[in-house]
Every structure is written in C-alpha cells, then in structure tokens.
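> With the sequence up front, the predicted model follows.
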Amino acid sequence: MARPVKCRCICSRPQITSFFPAGGAGGQEPVTIGLDEYEVFRLLDYVHLSQQQCADKMNISRTTVTRMYESVRSKLAQALVCGRELRIAGGDVVVCEKMRPECRDEPLCCHRQDQSLSTQQEV
C-alpha cells in the first residue's frame, strides 16, 4: 500500500501564474508547475537555501525536495526549449496560517504581501 502524500507547506504564492513565449509555437499544451514545485524552485534558486533547509521549511523530506527540484527543472527546460506556455497551479499544498519566525526576513511571504495589500487599501 502506498504512503499517503504529505501536504507541502508553502509560504509564498506566486503573484504571476502564467508566462507566454513571444513568438512561441501556438497550439501546444502548456507546461504546468505545481505550487509545491514552484516553492522548491523559489527556495533553492531564488532564496538560496540548501535542500535540507528547504525541506525543513516545507515540512517534507530532503529526498522529496530533490525529486521535486528535478521535476521542476525538467518542466522549465521543456517550456523554454519548446517555446510552450508555462503555468503555475495545483499541487498538494497548504499555505502557512500565520507568519512563522523563520519567515520574518522573507520579503515574498504571503502574510507580508497580505499586510502590504491591507495597508495600501487603508490609504
């Protein structure tokens, strides 16, 4: 019997969820990256965390991070090389309920984005 999939904790939902190639081949199926894959890619390549730090932050194993990173890299390569639309959606994720201590210096934290939106709306 297979192990149940563990929900992946993400702290940053992307503000932009699709990318279209200029002059790309039309009519091809888009490449879809899950929110959990996006978070792994963001934490490893943008925030520059180690795979273990990424795993700890998302409440998953390091080997799962490695598998997800290989998957997202392959999908990004496919979108870039073949000129296909790239979408970010889906995945078995849970967004953290409140800002955690390890997110205090995280500029892309969903809670920080929600706070800045609230402040802008009040002005």
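Nice, thanks for sending it over.

> Find the residue closest to Leu43 in space, skipping its chain neighbours.
Distance criterion C-beta to C-beta, 6 or more residues apart in numbering; nearest residue to Leu43, sequence neighbours excluded, is Cys54 at 4.3 Å. Just so you know, the C-beta spots here come from the backbone N, C-alpha and C atoms, and that holds for glycine as well.

> How about the contacts made by the one you found?
With contact taken as C-beta atoms under 8 Å, 6 or more residues apart in numbering, Cys54 is in contact with Val40, Leu43, Leu44, Val65.

> which of those lies closest to Ser71?
Val40 (8.8 Å; C-beta to C-beta).

> in terms of contact, does Val31 touch Ser74 like I think?
No - contact criterion C-beta atoms under 8 Å: Val31 and Ser74 do not qualify, at 9.4 Å.

> Helices along the chain, start to end?
35-41, 51-58, 62-82, 110-122 (DSSP state H).

> Can you report how many residues neighbour Tyr38?
Tyr38 has 21 neighbours, counted by other C-beta atoms under 10 Å.

> Show me what the closest residue to it other than its chain neighbours is bridged to.
Among residues not flanking Tyr38 along the chain, Ile88 sits closest, at 5.0 Å (C-beta to C-beta, 6+ apart). Counting by DSSP bridges, Ile88 forms beta bridges with Ile33.
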